[in-house]
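*Asks:* I'd like to go over a predicted model; first the sequence, then the structure.
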Amino acid sequence: MTEFDAQEVVLRLFTQLRRSLKLGISEYMAACAAAEEADFGANEATLQDTLKLLWCYSVVDSSQFDSIWQSVLAQVQAQRRRRPPFPGRREVSSPRTERQVEPLTQPQSPIAPQPVAHPARRPEPELKALPVQAPTLFMPEEEMATLQAYYPISRRSLVYNWRYLRRPVADGPKTVLDIDATVQQATRQGFYLAPVYRSKVRNAARLWLLIDQNGSMTPFHHFTRDLVETAKQESSLAPENVEVFYFQNVPAGSVFRDPYLTKSVLLAEALAPCNESTSVLVVSDGGAARGYRMKDRVRGTIRFLQQLKRYTTLLAWLNPMPESRWEGSSAEVIAQSISMFQMDNEGLSNAIDVVRGQPLRQHNFGGA
Amino acid sequence: MTESAAIENWQAEAAKVDAFVARFGHEDYRQLVNYAALPLVLTPELVHYLRTQFLREANVPWEAEVDLLLSDLCSQVGYELYTLDTQVRAYLLAQMKTDRHWQQRQVEVAQVLITYVSYLSRINPHRRQRELDAQRLAAMTYLGDESCQQVAQVIAAGNR
């Protein structure tokens, strides 16, 4: 069995498991002490058992530990071939550490096998700073956050942009104290009689999301999921004012209520509640992902857009493919009929400006 | 048949890869195809992860992920699941075997894959467990003889 650095394994495991297993610094210190005193050297299984005894309190904890253990061990073994040893090791004088420290003075090559040590040829030690690797190990290397965020627009940007989709309307009972009006009234009358109340302002904006699903849009499902979730749950829009419908390629005749396209509803029925103040955002690549230009698709889409314009003019199209890729595809033609924006921060911001009836800060749609 | 002779016999597959790279006029697309050949099954998230992990410096545009999944090199085998054409994958893996740089990369991708699969199992233990196991076993085969033996044992145990 190969030798390995128990301290490094402990640290890596700790950084990955501390949240899920609710580990504190005392657990980490206990594990470090155990690793140092027992000197597990080449015995990985014993270290694994010891750490499980120290950190795991249930079968679930134990299974979670095992999966992380495998990946950490594989990483440490792979990096041992390429990296200098863990800087936290104290056994500076041991022959094993000398063998590991020596490659620091040589150019690092990720492919080259570990050089053979020649302690006899080592030069006399000079009085200078030791080449110590920066201890960046507190950041877990296999950070999975990137899996959650779809490029080129992040979920955070989506949440931020939705905040601009507002149509403030003051209605309902007068429950909010209006200090300015109260002062003005008191000044006008010459004495204070009663406070002035006004109605609470609520966001009356309504959003209809029509999302192309499956086919060429499959690689963008992550984005469309985020778009729907943020609009429904993390925007200032009232949940009942956000409606989401799905279609595949062209919404001809009917659309679907679920992303798996199983619960169909007539398009006319879906659009019936729309009025001139409803914002409609269509999300589709319009054939740009595959680069096709298909007459039927263009014709069907334009017919659908004409139908939509009978209900509202607050329409915009969000295309997940960059604008440079619309050329020659159906999207290029469709962009003549509707404000189409590419899927990035600026594109979404412009699309929201259009669907709330505001003039664009920057004119950025194809074909116009 | 030697490996180099086998590669010569894969002209059709090589032409497919070349055509894909030429279509988008970006030589770094080839690297993305090579990375995508290592996992058994591809998802949009996995391709994105491979690009951000290994091709951050290669300047591969993000839409390359979409281009690859929607190209004729890949076929959709399930909801948000893709596989690379079997012959193309075999050709790319054989080509990588002759390249020291890619041999090392194979090991790194395998480690990333195992971590990724463990992560997916952890966040959603009941979802696609069979696919995740297959992915894990496939990744382990790149990690050397010991791992290969483990894989063989697991498969043998599963067939009993």
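*Replies:* Received, thanks. Residues are numbered from 1 along each chain as shown, chains lettered A, B, ... in the order given.
*Asks:* any idea of the mean pLDDT for stretch A:51-69?
*Replies:* Throughout stretch A:51-69, pLDDT has a mean value of 81.
*Asks:* any low-confidence regions in chain B?
*Replies:* When residues are selected by pLDDT under 70, those of chain B lie in B:1-8, B:123-132, B:135-160.
*Asks:* let me fix that: chain A
*Replies:* Screening chain A residue by residue with the criterion pLDDT under 70, one finds the ranges A:1-4, A:39-42, A:80-151, A:360-368.
*Asks:* Which parts of it are strands?
*Replies:* When secondary structure is read from DSSP state E, chain A shows strands at A:168-177, A:197-203, A:206-212, A:242-247, A:254-256, A:264-266, A:278-283, A:315-319, A:340-342.
*Asks:* Near residue 53, how many other residues are there?
*Replies:* Looking at chain A here, since you left the chain open. Counted with other C-beta atoms under 10 Å in any protein chain shown, the neighbours of residue A:53 add up to 10. Using the backbone N, CA and C atoms, a C-beta is placed for each residue, glycine as well.
*Asks:* ah, no, chain B please
*Replies:* Residues within reach of residue B:53, counting by other C-beta under 10 Å, total 15.
*Asks:* Find the residue closest to it in space, skipping its chain neighbours.
*Replies:* residue B:112 (6.0 Å; C-beta to C-beta, 6 or more residues apart in numbering or on different chains).
*Asks:* circling back: quick one: closest of the strands of chain A to chain B.
*Replies:* When these are compared for distance to chain B using C-beta to the nearest C-beta, the nearest one is strand A:340-342, at 10.4 Å.
*Asks:* could you say what helices and strands that closest one packs with?
*Replies:* With contacts taken as 3 or more C-beta pairs under 8 Å, 6 or more residues apart in numbering or on different chains; DSSP states H and E, strand A:340-342 sits against strand A:315-319, helix A:345-355.
*Asks:* With mean neighbour count and distance to chain B added, can I get the ones you listed in CSV?
*Replies:* Formatted as CSV, the entries for these read as follows, by neighbours: other C-beta atoms under 10 Å in any protein chain shown; distance: least, C-beta to the nearest C-beta, whole Å:
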stretch, mean neighbour count, distance to chain B
strand A:315-319, 25, 12
helix A:345-355, 21, 14
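*Asks:* Looking at the ones you listed, which is nearest to residue B:96?
*Replies:* Counting by C-beta to C-beta, residue B:96 lies closest to strand A:315-319 out of these; the figure is 35.6 Å.
*Asks:* Adjacent strands (with direction) for the closest one?
*Replies:* Taking DSSP bridges as the criterion, strand A:315-319 forms sheet pairs with strand A:278-283 (parallel), strand A:340-342 (parallel).
*Asks:* Pick the most buried one from those strands.
*Replies:* For the strands paired with strand A:315-319, the stretch with the most neighbours on average is strand A:340-342, a mean of 26; neighbours defined as mean count of other C-beta atoms under 10 Å in any protein chain shown.
*Asks:* neighbouring contacts of it?
*Replies:* Contact with strand A:340-342 is made by A:286, A:316-323, A:326, A:331, A:334, A:347-348, A:350-351, A:364-367, as judged by C-beta atoms under 8 Å, 6 or more residues apart in numbering or on different chains.
*Asks:* what about 10 Å?
*Replies:* The contact list for strand A:340-342, computed with C-beta atoms under 10 Å, 6 or more residues apart in numbering or on different chains, reads A:152-153, A:281-282, A:284, A:286, A:288, A:316-326, A:331-332, A:334-335, A:347-354, A:360, A:364-368.
*Asks:* ok, residue A:36 touching residue A:10?
*Replies:* Yes: at 9.4 Å, residue A:36 counts as touching residue A:10 under the criterion of C-beta atoms under 10 Å.
*Asks:* These two - which one has more neighbours?
*Replies:* For residue A:36 versus residue A:10, neighbours defined as other C-beta under 10 Å are more numerous around residue A:10 (25 against 15).
*Asks:* returning to what we had before: let me have the helices and strands packed on strand A:340-342 in TSV, extended by distance to residue A:230.
*Replies:* Supplementary listing: the helices and strands packed on strand A:340-342 in TSV, determined by distance: least, C-beta to C-beta, whole Å:
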stretch	distance to residue A:230
strand A:315-319	13
helix A:345-355	10
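*Asks:* Give the other helices and strands that the longest helix seen in chain B contacts.
*Replies:* As far as residue count goes, and with DSSP state H defining each element, the longest helix of chain B is helix B:100-123. Contact here means 3 or more C-beta pairs under 10 Å, 6 or more residues apart in numbering or on different chains; DSSP states H and E; on that basis helix B:100-123 packs against helix A:59-82, helix A:145-148, helix B:29-36, helix B:44-54, helix B:86-97, helix B:129-140, helix B:145-159.
*Asks:* re the thing from before, quick one, which of the strands paired with strand A:315-319 is nearest to residue B:16?
*Replies:* Closest approach to residue B:16 among the strands paired with strand A:315-319 is made by strand A:340-342 (29.3 Å; C-beta to C-beta).
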